[in-house]
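**Student:** Next input, structure requested:
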Amino acid sequence: MLIVATSPSFSTNKILQKKIYSFFPNAKLNLNKIRFQRDDLIDYIKDANGIIVGLEVIDDYVLSKCPNLKIISKYGVGLNNIDLEACKKRNIAIGWSGGVNKLSVAEMTLGYMLMLCRNLFTTSNELKNRIWNKSGGFELSGKKIGIIGVGYIGKEVVRLLKPFNCEIYVNDIINQDEYYRKNNLIKTSKEDIFKNCDIVTIHTPYDDTTKNMVNLDVLKTMQNSSFIINSARGGIINEDNLKYALKNGIIAGAAIDAYVDEPPIDYELLELPNLICTPHIGGNSKEAVEAMGLSAIKHLVEFFKNEI
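**Tutor:** You can find the predicted model right below:
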């Protein structure tokens with residue numbers, strides 16, 4: 001039996017190495033931290049019976065080159081990079097646990113909010129360039145926060161925001177009225193969130209319904225003092241439109257952790273002083289890496305329990 005892990009952060013983690021080798025001594029790990037392109041990915045996983053994948057695209061063509069594959073175990077939470085219909089057609093199981101990195105992403109989102117509101121990012125960078133800027137921004141406490149996507153991570157953001165006594169406005173495609181009532185949340189439309197909130201943070205999946213959900217028309221409805229955060233998936237915010245909005249004062253600032261191309265190649269966007277940009281590390285706290293990895297291993301162990 002051959003188990004193959006594609007993710008560099010999974011493969012190089014000593015705790016996860018020890019765990020997976022204890023069940024699958026011949027497991028193949030990506031110890032060289034390769035970011036696979038399609039052909040290289042196929043060559044790497046083609047003989048596998050089970051794979052652990054992070055953000056690599058596993059589509060029908062890739063699956064067609066993996067005749068022995070029985071299960072894909074997800075390292076992380078988003079499944080948008082895996083063609084689930086193609087897996088079903090080929091009788092390939094999916095190992096997945098929701099919310100396993102929710103605290104890691106939510107903490108970073110809260111950090112973004114504080115950095116944007118209190119001007120921490122801008123003034124820190126300016127001081128490194130010997131500019132003494134005493135502009136301390138405004139307090140997060142009591143502000144209007146809009147959360148689009150109230151799943152595992154969105155709910156964790158709600159929990160972390162409680163000490164700040166913010167007015168929290170929410171929008172989700174799933175009816176969660178009882179949860180909203182218990183947590184004093186205000187259910188409203190996406191349009192009202194963009195129009196009225198000081199900070200909008202997005203925690204939706206990426207699919208045809210959310211692709212370019214935030215475009216220039218949407219950004220123009222926001223207050224010019226407001227901020228937008230995307231720690232979900234690249235492509236939900238149109239990056240060209242965001243760049244225009246930031247350069248022209250349509251909104252005050254933004255923070256993004258996920259991009260259409262990873263690593264991103266639009267350096268003009270990345271270098272904007274009112275953009276906080278991080279290299280898709282929201283779910284990569286030490287604790288989250290271990291939790292995601294152990295979850296991925298658990299799904300493989302359960303699937304192959306009669307064969308190991």
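**Student:** contacting residues for the residue minimising distance to the centre of the chain?
**Tutor:** When Cα atoms, centre = their mean is applied to the chain, the residue found nearest the centroid is Ala232 (3.5 Å). Each residue near Ala232 by Cβ atoms under 8 Å, 6 or more residues apart in numbering is listed here: 149, 153, 202-206, 258. Any C-beta I mention is one placed from the backbone N, CA and C, and that applies to glycine too.
**Student:** give me the element it is part of.
**Tutor:** Using DSSP states H and E, Ala232 sits in no helix or strand.
**Student:** Any figure for the gap between it and Val105?
**Tutor:** 8 Å (Cβ to Cβ, to the nearest Å).
**Student:** Name the residues contacting each of those two.
**Tutor:** Residues touching both Ala232 and Val105 (Cβ under 8 Å, 6+ apart) are 153, 203.
**Student:** how many neighbours does Lys134 have?
**Tutor:** Lys134 has 6 neighbouring residues, counting by other Cβ atoms under 10 Å.
**Student:** the helices in the protein, which residues?
**Tutor:** For the chain, applying DSSP state H gives helices covering 8-11, 14-23, 38-45, 60-64, 84-89, 102-117, 120-128, 152-161, 177-182, 190-196, 216-221, 239-247, 267-270, 286-303.
**Student:** who wins for proximity to Lys70 among the ones you listed?
**Tutor:** helix 286-303 (7.2 Å; Cβ to Cβ).
**Student:** buried residues in that closest one?
**Tutor:** For helix 286-303, the neighbour count (16 or more other Cβ atoms under 10 Å) marks 288-293, 295-297, 299-301, 303 as buried.
**Student:** any idea of the mean pLDDT for stretch 234-254?
**Tutor:** In this model, stretch 234-254 carries a mean pLDDT of 98.
**Student:** and that stretch, how far out from the chain's middle?
**Tutor:** The gap between where stretch 234-254 is centred and where its chain is centred comes out at 18 Å by Cα atoms, centre = their mean, to the nearest Å.
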